[in-house]
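> sharing a model that was predicted from the sequence below.
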Amino acid sequence: MLDIHKLRKDGKEIERRLQTRDASLDLSEILDLDAHRLDLIGKVEELKAERNRGSQEVGRLKREGKDAEEQIEAMSTVSAQISALDSELAEVTKKINYLLSLLPNVPHDSVPVGKKEEKVILRSHGEAPKQDFPVKHHLAIAEEKGLLDFTRGAMIAGARFPLYVGMGAMLEMALIQFMFFYHSRRGYTPVFPPFLANPESFYVSSQLPKFADEDYYCEKDDLYLTPTAETLLANLHRGEILSPEALPKKYVAYTPCFRREAGTYGEDERGLIRVHQFNKVELFKFTTPESSYDELEALINDAEGVLQALKMHYRVALLPTQDLAQQATKTVDIEVYLPGQGRYYEVSSCSNCEDFQARRGNTRYRPGEGEKPEYVHTLNGSGVATPRLMAAILENNQTADGRVRVPDVLQEIVGMEYL
């Protein structure tokens, strides 16, 4: 959530920067309501001061044995006015907070202005394999080898719910295990969280209220299935004041992720490219404001490390303003190459949210002894998501004789060199 004090002070500049994300964004309603709110606060304070003076006058009259009925009646009228203004103030504040909750974060100065297609490729790693044979789509490979069964997955749950079978399940679990331990050995505290969360947790992470229709909701229990472990990890220190010595706090978590992904998709997004349920290892950091962008670079490097260990060809892209998630000020995507489709797909998004989530969750730190607490910055990144990564392994590691080479770092877990 944005800081209303900053909006009040620099509204025009913030509006200009927000409009690079969405040209229709307009802060006038919020600022008008905020001005009205400040006016109401002033009136309430004046009336409370008047009531205090009246109460003192009533006390004086009673001590002197004089009639105070007129003053008591006047103070009763003032109290009623205060009550009415307090009710109006509560409604105005509620409306302001709701409108603030819909606003996206302000893009960082380094983020390119533009549409989704205008991302900037920062670098690439490795090269696509030279395959001098007809390259198969990962779905064809998976079906031939009995690794995936989308037909039975659809029978059990519905379309776009993959069912991993046999060595497909083994490879999936091997990826999760490898990534989870890879990051935990690099200073991230392992977390195995609940897979459901309450509305307040979804609000803190910025899933609610704006994206309620995109989430799976258990109405009877008032709980949501998590779309990403970011939603859960953002709440780990909700309402806490952390010491600067404890920062950065770095966490790694594994969860299945559930997303409704409304819409229709083309033939090129069949198989594991876009599904309703998938597995992901997530990285999350709580940092000081001064260190957050250095920590973002470190987080990106940690996510890249997984792909390098798997010997995957990938590229790194800086997203433009119109492709940022609501909570993000800056996002860098890591994309793997799928030769079966001749294109790149994102397997990790690494973002700095600055104090956007921390403000919602009231997560702060105290810069020094006796100093006023300040909001921490939060960062998140996939470390990484498995479906497209498995697709990349199947397509990039296929051989002319129809086998698929298991990445070296997974062979001991899977128990074989080739599928």
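Structure received. Just so it is clear, the model here is predicted, and its values are computed rather than measured.
> can you list the domains in the protein?
What automatic domain parsing lists as the domains of the chain is 28-102, 116-414.
> ok now stretch 285-303, how far from the chain's centre?
From the chain centre to the centre of stretch 285-303 is a distance of 15 Å (C-alpha atoms, centre = their mean, to the nearest Å).
> where in this structure is pLDDT low?
262-268 (pLDDT under 70).
> strands of this structure, start to end?
120-125, 189-191, 196-197, 217-218, 223-225, 241-242, 249-258, 277-287, 314-318, 330-338, 343-352, 364-365, 374-375, 377-385 (DSSP state E).
> so which of the ones you listed gets nearest Asn235?
With C-beta to C-beta as the criterion, Asn235 lies closest to strand 196-197 of the strands of the chain, at 7.5 Å. In this view, the C-beta of every residue, glycine as well, is placed from N, C-alpha and C.
> return the residues in contact with the closest residue to Phe258 other than its chain neighbours.
For Phe258, ignoring the flanking residues on the chain, the nearest one in space by C-beta to C-beta, 6 or more residues apart in numbering is Leu225 at 4.0 Å. Residues in contact with Leu225 (C-beta atoms under 8 Å, 6 or more residues apart in numbering) are Phe195, Leu196, Asp215, Tyr216, Tyr217, Cys218, Phe258.
> list just the nearest of those residues to Thr399.
Once C-beta to C-beta is applied, the member of the contacts of Leu225 that ends up nearest Thr399 is Phe258, at 34.8 Å.
> the closest one is in contact with Pro227, isn't it?
Yes - contact between Phe258 and Pro227 holds when scored by C-beta atoms under 8 Å: they sit 6.1 Å apart.
> which residues do those two both contact?
Common contacts of Phe258 and Pro227 (C-beta under 8 Å, 6+ apart): Asp215.
> so what's Phe211 closest to, chain neighbours aside?
Nearest one to Phe211, counting by C-beta to C-beta, 6+ apart, is Gln326 at 7.6 Å.
> for Leu61, same thing?
The spatial neighbour of Leu61 that comes closest, neighbours along the chain excluded (C-beta to C-beta, 6+ apart), is Ala68 at 4.0 Å.
> what's the burial count for Ser206?
A count of nearby residues for Ser206, using other C-beta atoms under 10 Å, gives 24.
> make 45 the first number, not 1, from now on.
Okay, residue one is now 45; in that scheme the one you just asked about reads as Ser250.
> could you measure from it over to Ile457?
Using C-beta to C-beta, to the nearest Å, Ser250 is found at 35 Å from Ile457.
> cool, Lys294 as well?
24 Å.
> of those two, who's got more company?
Higher neighbour count among Lys294 and Ile457: Lys294, with 21 against 15, using other C-beta under 10 Å.
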